[in-house]
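Visitor: Sequence first, then the predicted structure, then my questions.
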Amino acid sequence: MERVSVFIDGANFYGGLRTINPKYTDNKFDFNKYIKKIIGKNRKLIKVYYYNASLKQHINQAIFQKQQDMFNRLKNRWGFEVILCKRQKKDNDDGTIKHVIKGDDIHLALDMLKGAYENDYDTAILFSGDGDFAKLAEYVSKKGKKVENYHFANTISFDLLKECKSNICIDKKTVNKYFYKGT
């Protein structure tokens with residue numbers, strides 16, 4: 001049976017959702033249900049890695065709490081590992097401040113490479129449109145692993161598309177079908 005590990009670039013996923021509808025947030029997406037669907041019955045799920053960083057609690061307590069609830073929901077699912085990175089304050093050219101995630105891409109790349117070299121999976125499913133992962137997909141493929149890519153139409157890199165065995169665009173219909181119905 002084909003063994004599959006899933007790697008989710010949380011910030012990229014969130015950004016992709018917002019391109020479909022600015023009101024969409026990832027804390028309402030049922031990752032568990034969607035991943036079960038794409039794995040199917042003929043493949044075995046080994047592990048799901050989810051990479052992101054906590055929002056700043058002091059900026060918006062309500063949104064922070066929703067994100068923490070989502071992280072906890074994912075952590076409580078079998079096979080899910082949530083890897084939280086850091087947010088770093090960055091000055092914009094216009095004098096405003098934003099917080100950027102640091103370390104998520106390198107953690108994802110190292111975990112995917114490690115799994116390929118240790119033969120932990122046969123197929124890696126990458127949820128991201130980030131072109132920085134094109135070389136990662138190329139190297140993992142050279143190790144004899146398949147790389148499937150799930151992305152949003154407005155957030156996909158052409159270089160990443162070229163390196164993946166298959167590319168599936170997550171559209172509005174899919175997002176609406178897998179929105180989390182729980183509390």
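Guide: Now that the structure is in, tell me what you want to look at. Just so we're clear, the structure is a prediction, and the values are computed from it rather than from any experiment.
Visitor: The worst-scoring helix or strand of the chain on mean pLDDT - contacts with which helices or strands?
Guide: Sorting the helices and strands of the chain by mean pLDDT, DSSP states H and E puts strand 97-102 at the bottom, at a mean of 75. Strand 97-102 sits against strand 43-53, strand 80-91, with contacts defined as 3 or more Cβ pairs under 8 Å, 6 or more residues apart in numbering; DSSP states H and E. All C-beta atoms are positioned from the backbone trio N, CA, C, and that covers glycine.
Visitor: Just the CA atoms of the next helix or strand after it, as PDB, please.
Guide: Toward the C-terminus, strand 97-102 is succeeded by helix 104-117 as the next helix or strand (DSSP states H and E). In PDB, the C-alpha atoms belonging to helix 104-117 read as follows (Å, rounded to 0.1, in the frame of the first residue of the first chain):
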ATOM      1  CA  ASP A 104       8.200  27.600   8.600                       C
ATOM      2  CA  ASP A 105       9.600  26.900   5.100                       C
ATOM      3  CA  ILE A 106      12.900  25.500   6.400                       C
ATOM      4  CA  HIS A 107      11.100  23.200   8.900                       C
ATOM      5  CA  LEU A 108       8.800  21.900   6.200                       C
ATOM      6  CA  ALA A 109      11.700  21.400   3.800                       C
ATOM      7  CA  LEU A 110      13.800  19.500   6.400                       C
ATOM      8  CA  ASP A 111      10.900  17.300   7.400                       C
ATOM      9  CA  MET A 112      10.000  16.400   3.900                       C
ATOM     10  CA  LEU A 113      13.700  15.700   3.000                       C
ATOM     11  CA  LYS A 114      14.300  13.700   6.100                       C
ATOM     12  CA  GLY A 115      11.200  11.600   5.400                       C
ATOM     13  CA  ALA A 116      12.300  11.000   1.800                       C
ATOM     14  CA  TYR A 117      15.900  10.000   2.900                       C
END
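Visitor: now the following helix or strand past helix 104-117 against helix 104-117, angle please.
Guide: Stepping forward along the backbone from helix 104-117, the first helix or strand reached (DSSP H and E) is strand 123-127. Comparing the axes of strand 123-127 and helix 104-117 via axes from the mean of the first three to the mean of the last three Cα atoms, to 10 degrees yields an angle of 170 degrees.
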